[in-house]
Structure formats: C-alpha cells, structure tokens
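Undergrad: No sequence on hand, only this structure:
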Ligand SMILES: [Zn+2]
Ligand SMILES: [Zn+2]
C-alpha cells in the first residue's frame, strides 16, 4: 500500500497555492510539450486499479444515493412528471450548476487556480458545484489533483485503462482507503482546507445536506409554482413539485454526473491529441459539447492551469468565454491563458 505522505513523482497541475505552501510537487519536464518529447508508453493491459481500492469494496452510501438519483431521473419517462417549466429548469440548471459549479468552480478555479475571484464568488461557485452530487469541494479537488499527478498510471484514481466502466463510474462507488486519510487531504488540498468554509463542508458530510437542501427548495418552488398557475389546485401543486424534483434536480444531476464521468472515461480513450502528454488524454468534441468545454481534455492535460481548454480556433470552450466575461467585468483576475493563445495575442 503506498504511503500517502511520500512526495509525488511529478505534477503538471501544481496549483498555485500548494506551490506557495512549499509543497514538493514538481513539474514534469516531459509533459505538455507541443509535438515535443514522446509520451511515456502505456500498456493498456498493465494499469491495475489503485492499490488503495483493492480488494474492491463497495462504498454503499455513494452507491445507494447514486442509484436513487438515477431512479428519480428514469421517472422522467412518465408523462405525469413532464412539465415545460421542469424541462427548461433542467437545461438552465445544466448551465448554472454544471458549468458554473463544476467546470468553472470545482475544476478551473478550485483545482487548478486558473484565475482568481472574490471570496464570496468563489464560495458561491463551490456551493453551485455541491448541487451536482459530485462530492465535497475538497474531496473532488483532491481526487482530481491526484488524477493529474498520476494520469493513466497507478495510482490514478479513475483511469479507464483499468476498464471503461471503472473509469466512468466504478471508481466512484469503490472504497479508496487513501481518501479516508487526513494525510491525503494535507497533501492535496491543504490550500483549500485552510478556509473554514471548506472545512465545515467536510464535517459530518455537511456538503450533502447542502445538496439535499437545494433539492428540497427546488421541489417546494415547483409545488408553489404549480399551485399558483393552476389557480390553487393541490393536485397540480403536487404534480409540479414532482416534475421539478425529477427534471430540475434528478435529470439535470444525472446529466451533469455523466458529463463529468465522460471526461474521465471517453476523453481518455477516444478523440485526437494536440499534445504528446504522458497520459492517454484526448480531445473529444462530443464530450466538449456536453461539458461546456471540458472535453478538450488533452489540451487540458498539456496545460492544466490554463483557464481555456480550447487551444485551436475550432475548439469551442463555453466556460472559457464565461471566464473571459467575468474578467471583463472585473470578477475574474490573474486569468491563466494557454501558450497557444499567448502567441496569437
Ligand atoms: Zn484526465
Ligand atoms: Zn484538471
């Protein structure tokens, strides 16, 4: 079993604040070069699951909650639950919670520090991220930094080279002993946990209650909406409450979940590569569409801190345009641009 306190082999991610804290994380000289040094050869058959996940033990609380949210989402096939307002909210929620919360908040801001913003905005983005049932900010960030450090090599927590299902969802519901250790958090998210806001979300699964609260509020708002537009019919209030719970919470959450999981699975298996990184990351346009730009994953592995994942003119990255907009109005600062963009600037 690997000791979590030993120094990492290499790290291209190097979040600014960990670097400031004097971490021993080092940049890999071979990764991230455009058409430069050859990538380390990876034999797809030779990447075993992380030792800390062996033997496979199901993390029941994650498995049950994820099964339940999928079950609720499947209820969307029943005409009873369909309302246009529920559908519109599901689409809007994909942008609000998925793009602002996960892509911009959890990933580009908290994990990679691709830009800075006022604390109130950072915390708001983190709360939006929590509403996607993708774990607490600290745990998400720790797992993702670990992924960048060991991409497609043991102990990458979710390489699909172990198997597609493992890379997509298997790892989420499997107990990972290192993720229960304080030393793991000290190593990967020391910067984040200095902020009492994130520390509090870790205690007694506080983040999960934030998710439940948001789901309850949306459901209640649906009930109120149905009651008002039907002129006070209780049956319609109940139907709208159910519709918003199914569409605006469950369907949207499941859609965002599979988007993020597809970045880990599909965008490490299928697509083209602009850079010879030391992993198998790819640029996958389909994943990019459904994840607001996260599918340009090979670009991202080449320059993890860059706030833009689209490096070529046709690689549209909606999240990047939002970050640029935030920069224009003074809400985002110290925005890290990829080298390709610096050359054309
Ligand atoms: Zn990756
Ligand atoms: Zn990343």
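TA: That came through fine. What you are looking at is a predicted structure, and each value in this text was computed from that prediction instead of being measured. Ligands and ions are numbered 1, 2, ... in the order given.
Undergrad: show me where pLDDT drops low in the protein?
TA: The model of the chain has pLDDT under 70 over residues 1-45, 343-345.
Undergrad: what do you get if the cut-off is 50, keeping everything else the same?
TA: For the chain, residues meeting the criterion pLDDT under 50 lie at 1-40.
Undergrad: Taking the centroid of it, which residue is nearest it?
TA: Nearest residue to the geometric centre of the chain (C-alpha atoms, centre = their mean): residue 102, 4.8 Å.
Undergrad: Pretty sure it sits against residue 132.
TA: Yes: using C-beta atoms under 8 Å as the test, residue 102 is close enough to residue 132 to be in contact (5.6 Å). (Glycine included, C-beta is placed from N, CA and C.)
Undergrad: Overlap of the contact sets of those two?
TA: Here residue 102 and residue 132 share the contacting residues 256, 260, scored by C-beta atoms under 8 Å, 6 or more residues apart in numbering.
Undergrad: tell me the phi and psi of residue 283?
TA: For residue 283, the backbone dihedrals are phi -100, psi 120 (criterion: degrees, to the nearest 10).
Undergrad: Identify the bridge partners of it.
TA: residue 272, residue 296 (DSSP bridges).
Undergrad: separation between it and residue 83?
TA: 37 Å (C-beta to C-beta, to the nearest Å).
Undergrad: Checking the most far-flung residue of the chain relative to its centre next. Helix, strand or coil?
TA: Residue farthest from the centre of the chain, counting by C-alpha atoms, centre = their mean, is residue 231 at 41.1 Å. Three-state call for residue 231 (DSSP: H, G, I helix; E, B strand; the rest coil): coil.
Undergrad: Please apply the same query to the one 10 residues further on.
TA: Secondary structure, three-state DSSP: residue 241 is helix.
Undergrad: Which residue, neighbours along the chain excluded, lies closest to it?
TA: Of all residues not flanking residue 241 in the chain, residue 223 sits nearest, at 3.5 Å (C-beta to C-beta, 6 or more residues apart in numbering).
Undergrad: related to what we said a few turns ago, compute the distance between the residue farthest from the centre of the chain and residue 237, please.
TA: 11 Å.
Undergrad: now residue 196
TA: Taking C-beta to C-beta, one finds residue 196 at 39 Å from residue 237.
Undergrad: which of these two has more neighbours?
TA: Using other C-beta atoms under 10 Å as the criterion, residue 196 and residue 237 rank with residue 237 on top: 20 against 8.
Undergrad: Check the gap between residue 211 and residue 117 for me.
TA: 23 Å.
Undergrad: I meant to write residue 96 there.
TA: 17 Å.
Undergrad: neighbour count winner among these two?
TA: Between residue 96 and residue 117, counting by other C-beta under 10 Å, residue 117 is the more crowded of the two (21 against 14).
Undergrad: need the contact list for the residue lying closest to the more buried one once chain neighbours are set aside.
TA: Excluding the flanking residues, the one nearest residue 117 by C-beta to C-beta, 6+ apart is residue 332, at 5.2 Å. By C-beta under 8 Å, 6+ apart, residue 332 lies in contact with 115, 116, 117, 323, 326.
Undergrad: which of those residues has the most neighbours?
TA: Highest neighbour count within these: residue 323, with 25 neighbours (other C-beta under 10 Å).
Undergrad: Chain neighbours aside, what residue packs nearest to that residue?
TA: residue 307 (5.1 Å).
Undergrad: Surely the one you found touches residue 113?
TA: No: applying C-beta under 8 Å, one finds residue 307 not in contact with residue 113, separated by 9.4 Å.
Undergrad: Overlap in contacts, the two.
TA: Taking C-beta under 8 Å, 6+ apart as the contact rule, residue 307 and residue 113 both touch residue 336.
Undergrad: So which of the two has more stuff around it?
TA: Between residue 307 and residue 113, residue 307 has the larger neighbour count (other C-beta under 10 Å), namely 26 against 22.
Undergrad: Now that one: which helix or strand?
TA: Assigning secondary structure by DSSP states H and E places residue 307 outside every helix and strand.
Undergrad: quick one: it and residue 191, what's the gap?
TA: 18 Å.
Undergrad: cool, and residue 146?
TA: From residue 146 across to residue 191, the span is 15 Å (C-beta to C-beta).
Undergrad: repeat for residue 281
TA: 24 Å.
Undergrad: Show me which of these two is the more surrounded one.
TA: With neighbours defined as other C-beta under 10 Å, residue 281 and residue 191 compare such that residue 281 has more, 25 against 20.
Undergrad: Quick check: phi and psi on that one?
TA: The phi/psi pair for residue 281 (degrees, to the nearest 10) reads phi -60, psi 150.
Undergrad: so who does it touch?
TA: Counted by C-beta under 8 Å, 6+ apart, residue 281 has contacts 151, 152, 267, 268, 273, 297, 298, 300, 301.
Undergrad: are any of those residues buried, and which?
TA: 151, 152, 267, 268, 273, 297, 298, 300, 301 (16 or more other C-beta atoms under 10 Å).
Undergrad: All set, thanks.
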